[in-house]
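> predicted model, plus sequence, below.
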Amino acid sequence: MVLVIVFAVIALLAGLAANRFLRPRLLSEDDDTGMAVKDLVGPLLTLTVLLLAFVLVTANGSYGKAEVASRGEARALDQLVETAEYAPAAERARIQAAAVCYARAVRTQEWPAMSDGNGSPAPSVWSTDFRQTFRAVEGKPVFGMLIAADSKRSEEREERLTQASASIPSAIFWFLLATLFITVLALGICLPRKNNRGQVITLTVITALLTTMLIVIRDVDRPFGGIIDVRPTAIAEVERQATRDFLANHPAAQIPCDDKGNRRAV
C-alpha cells in the first residue's frame, strides 16, 4: 500500500512539473488555455461507474454463493433423512428427529443471526447428536452413506456462514461514498448558474442512479439481511418433510425440541 501511495505522489508531482516546464516547449498555446474542469468530469464519472459496477459484481457473487450454499445444505440434510431409512429403527428415529431440530434451529435462530454476519450454536447441538448416533451403526453399510451426507451438510453450512459476512470491506465502501460525493460535486461545479433547469434535473437523475447502485451493493453484500436477502425456504421445506416422515413412522414419539430447535427438558 505504501508503494502505491509513493508512486501516486511521484506521478502527481511529475505531472505538475511537466505542466510547468515541458508544456511551454511542447505546446505553442497560451498558458491560460487547456483542459477545463468540465473536461475532467467525464473521465471521473466513467471511473465512478466502473468502480461501482466492479464492486456490484463482487457483491453479487457473494450473494450467489450464499444462496447456493443454503440450498446445498438443505439437500444434504434431506439426503441424511432419506439415508436414515436404511438404519435400524432406533437410530433412524433419532437421526430423523435430530434433523427436524437442526432445521428448526437453523431457520429460527441462525438465520436471523446471520443478518449481522454471525452464527448460532443451536444447530451444532443437533449435528453433535448426529455423530453420536452414527457411532451406533459403525461397521454397517449405512454408516458410510450417513457420514458422507453429514459431511456435505457441514461443508455447506460452513460456506453459508462464511458468505454471511460482508465480502466488501468497510474501507472500500467508504471509498465508494467519497468517490460518489466528489463526482456529484464536480458535476455540480460545471453546471451553468442560470437557465440550468435541464442540467439540474439530469444531475439529480445521475445522483439518484449512482446512489441506488451503491444501496444495491450494500444490500446484496449482506445476503441474509436487508431487502434482497436469501430466505430459508429450502431448509423450511426439509423441516416440513422430515417432521412429516418422523411423525408418520413414530406417531407415539415426541420430537425432542421446541419450535425454535432448543432441546426439551427431560
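Now that the structure is in, tell me what you want to look at.
> so what's the residue count around Glu155?
Neighbourhood size, Glu155 [other C-beta atoms under 10 Å]: 14. From N, CA and C alone the C-beta is placed, and that goes for glycine too.
> repeat for the one 5 residues further on
By the other C-beta under 10 Å criterion, the neighbourhood of Arg160 contains 27 residues.
> excluding sequence neighbours, find me the nearest residue to Gly119.
With sequence-adjacent residues excluded and distances taken as C-beta to C-beta, 6 or more residues apart in numbering, Gly119 is closest to Leu161, at 4.9 Å.
> by mean pLDDT, point me to the weakest helix or strand of the chain.
Between all helices and strands in the chain, the lowest mean by mean pLDDT, DSSP states H and E belongs to helix 23-26, at a mean of 60.
> other SSEs contacting the very next helix or strand once past it?
Using DSSP states H and E, the helix or strand that directly follows helix 23-26 along the chain is helix 37-83. Judged by 3 or more C-beta pairs under 8 Å, 6 or more residues apart in numbering; DSSP states H and E, the packing partners of helix 37-83 are helix 89-105, helix 141-164, helix 170-190, helix 197-220, helix 233-249.
> deepest-packed of those helices, please.
Highest mean neighbour count of the helices and strands packed on helix 37-83: helix 89-105, a mean of 23 (counted as mean count of other C-beta atoms under 10 Å).
> quick check: mean pLDDT of it?
The average pLDDT within helix 89-105 is 92.
> distance between it and the chain's centre?
30 Å (C-alpha atoms, centre = their mean, to the nearest Å).
> list the contacts of the next helix or strand after it.
Using DSSP H and E, the helix or strand that follows helix 89-105 in sequence is helix 111-114. Outside helix 111-114, the residues that touch it by C-beta atoms under 8 Å, 6 or more residues apart in numbering are 119-120, 160-161, 164, 223-225, 232.
> closest one of the residues you listed to Asn196?
Within those, the smallest distance to Asn196 is 40.3 Å, found for Gly225 (C-beta to C-beta).
> doesn't the closest one fall inside a helix?
No. Assessed with DSSP: H, G, I helix; E, B strand; the rest coil, Gly225 is coil; it does not lie in a helix.
> circling back to that earlier point, out of the helices and strands packed on helix 37-83, flag the one nearest Thr128.
Distance to Thr128, taken as C-beta to C-beta, is lowest for helix 89-105 among those, at 9.1 Å.
> alright, calling it a day.
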